[in-house]
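Q: Requesting a structural model of the entry that follows:
(2 chains)
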Amino acid sequence: EVQLVQSGAETKKPGESLKISCKGSGYSFSTNWIGWVRHMPGKGLELVGVIYPPDSDTRYGPSFQGRVTISADKSISTAYLHWSSLKVSDTGMYYCVRQATYFDYWGQGTLVTVSS
Amino acid sequence: IVLTQSPGTLSLSPGERATLSCRASQTVSVRYLAWYQHKAGQAPKLLIYDASSRATGIPDRFSGSGSGTDFTLTIKRLEPEDFAVYYCQQYGRMPYTFGQGTTVEVK
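A: Coordinates of the predicted model:
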């Protein structure tokens, strides 16, 4: 059974750094692109970006380019989403997704709250 | 590619038919369009991919159609568990984009 298990909720202050994780199991991690989708309160879904674990080819959504870094460690089947300096506007639920062209599996979500 | 969903909210009763629209600002290549269902407190769930193929385990009351720039998700007879937010997504061209969502609510 394919599973994407994400790290727990985080509360941070503006300017702090953060890295959240997503561990894949039940499939060959290097076979698929894996990525992140944001859902902000009262808003729709937005692609943060995706990464191909075998060569770390990464593509970002335009709102996130330069703001976050996506990485993956194929040896432990884990993808990461990293902020070096959080803003209040980064508050939201972040879902890990497996890409099979479409997003066929979703993690349970990691709630990120940024508040002073 | 900008996806515009209509209506924003659909107020229906269980047993009624729901028709949701998704219009793209440019042609979606190879019908690379998906529909997801999102309930509060849960992760979104894939319903339809490639415009009309049902994902594993999705009941046949859900169907997708369309091509080019106009796509439709139809729920034949609404069950109580179908009241949720529905998003379309194109994955034919990066950046993959989502529509703003249609809320199907109980009338």
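Q: What residues does chain B have near chain A?
A: B:32, B:34, B:36, B:38, B:43-46, B:49-50, B:55, B:87, B:89, B:91, B:94-101 (C-beta under 8 Å from any C-beta of the partner chain). All C-beta atoms are positioned from the backbone trio N, CA, C, and that covers glycine.
Q: run the last query once more with 10 Å
A: Proximity of chain B to chain A, by C-beta under 10 Å from any C-beta of the partner chain, involves residues B:3, B:5, B:30, B:32-36, B:38, B:41-46, B:48-50, B:53, B:55-56, B:85, B:87, B:89-92, B:94-101.
Q: what helix or strand does the residue sitting nearest the centre point of chain B sit in?
A: Centroid-nearest residue in chain B: B:W35, 3.8 Å away (criterion: C-alpha atoms, centre = their mean). Using DSSP states H and E, B:W35 sits within strand B:33-38.
Q: immediately after that strand, which helix or strand?
A: strand B:45-49.
Q: List of residues touching whichever helix or strand comes after that following strand?
A: Following strand B:45-49 in sequence order, the next helix or strand is strand B:53-54 (DSSP H and E). Here strand B:53-54 makes contact (C-beta atoms under 10 Å, 6 or more residues apart in numbering or on different chains) with A:Y102, B:R31, B:A34, B:W35, B:L46, B:L47, B:I48, B:D60, B:F62, B:S63, B:G64.
Q: If we use 8 Å, what do you get?
A: When contacts are defined by C-beta atoms under 8 Å, 6 or more residues apart in numbering or on different chains, strand B:53-54 is touched by residues B:L47, B:I48, B:D60, B:F62, B:S63, B:G64.
Q: What's the local residue count around the second one?
A: For B:I48, the number of neighbouring residues by other C-beta atoms under 10 Å in any protein chain shown comes to 25.
Q: Tell me, how many residues neighbour the nearest residue to B:L3 once chain neighbours are set aside?
A: Leaving aside its chain neighbours, B:L3 sits nearest to B:G99 (3.9 Å; criterion: C-beta to C-beta, 6 or more residues apart in numbering or on different chains). B:G99 is flanked by 26 other residues according to other C-beta under 10 Å.
Q: tell me the contacts of B:G99?
A: Applying C-beta under 8 Å, 6+ apart to B:G99 gives the contacts A:G44, B:L3, B:T4, B:Q5, B:C22, B:Y87, B:C88, B:Q89.
Q: how far away is the residue lying closest to A:G26 once chain neighbours are set aside from A:R98?
A: In space, A:G26 comes closest to A:V2 once its chain neighbours are excluded; the distance is 4.2 Å by C-beta to C-beta, 6+ apart. To A:R98, A:V2 is 7 Å away according to C-beta to C-beta, to the nearest Å.
Q: shared neighbours of these two, which are they?
A: Counting by C-beta under 8 Å, 6+ apart, the shared contacts of A:V2 and A:R98 are A:G24, A:Y27, A:D104, A:Y105.
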